[in-house]
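Novice: Next comes the sequence, and after it the predicted model I'd like to discuss.
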Amino acid sequence: MKKIGLFYGTYTGVTGTVAEKIAQELGTEHVDLHNISEGGEQMEDYEFLIVGTSTWSIGELQEDWDAFMPKLQNMSFQGKTVALFGTGDQVGYPDTFLDGMGMLYETFQFRGAQFVGFWPTTGYDFTSPLPLFDHDHFVGLAIDEDNQSDLTDERIKQWCALIRPAFGL
């Protein structure tokens, strides 16, 4: 088993593509990719987790994560280091931008996870408070492929550099 478990939920493929880019940036020899639609029970086997989701409709958790939530709520993440990332549309849905990531943050936090990878809110225009760690930071990497796709690769590179030391890479 590899050192980092990267679990993501994707509907249109955007979050899956971002997950693959993160794995490439960290080194695929260190990362096991898992689509949450295929199960996520292995999360408890990893010391380090990266968790990604999109937000759907008006602030709803991506459907595969939603289906997995009853199992997730029975897991413990005490002693585990978790980094989050989310994909969304800040122009079309500023009131719910990255709410799915915020929901996962609350779920993992309640179950004892220690977080790394808080991402600055500078350069984004949204109003939702749910994905925020504090006024100046998201709870994880914020990706908007609909409106800022030209920034995605550089954001992934910078974020991976930020979390790499906490994951022992």
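Specialist: Nice, I can see it. Numbers count the residues shown, from 1 in each chain.

Novice: what's the single longest helix in this structure?
Specialist: Longest helix of the chain, by residue count under DSSP state H: helix 149-163.

Novice: Counting by contacts, list what it packs against.
Specialist: Taking 3 or more CB pairs under 8 Å, 6 or more residues apart in numbering; DSSP states H and E as the contact definition, the neighbouring helices and strands of helix 149-163 are helix 14-26, strand 81-87, strand 119-120, strand 141-143. In short, each C-beta sits where N, CA and C put it, glycine included.

Novice: Pairing partners for the helix or strand following the first one, with directions?
Specialist: Using DSSP states H and E, the next helix or strand after helix 14-26 towards the C-terminus is strand 31-35. The pairing partners recorded for strand 31-35 under DSSP bridges are strand 4-8 (parallel).

Novice: how far is the partner strand from where the chain is centred?
Specialist: Averaged C-alpha coordinates place strand 4-8 at 9 Å from its chain's average position (CA atoms, centre = their mean, to the nearest Å).

Novice: quick one: contacts of that strand?
Specialist: Outside strand 4-8, the residues that touch it by CB atoms under 8 Å, 6 or more residues apart in numbering are 15-16, 18-19, 22-23, 26, 30-36, 40, 42-43, 45-46, 48-53, 167.

Novice: Any of these buried? List them.
Specialist: Neighbour-count burial within the contacts of strand 4-8 applies to 15-16, 18-19, 22-23, 26, 30-36, 40, 43, 46, 48-53, 167; the criterion is 16 or more other CB atoms under 10 Å.
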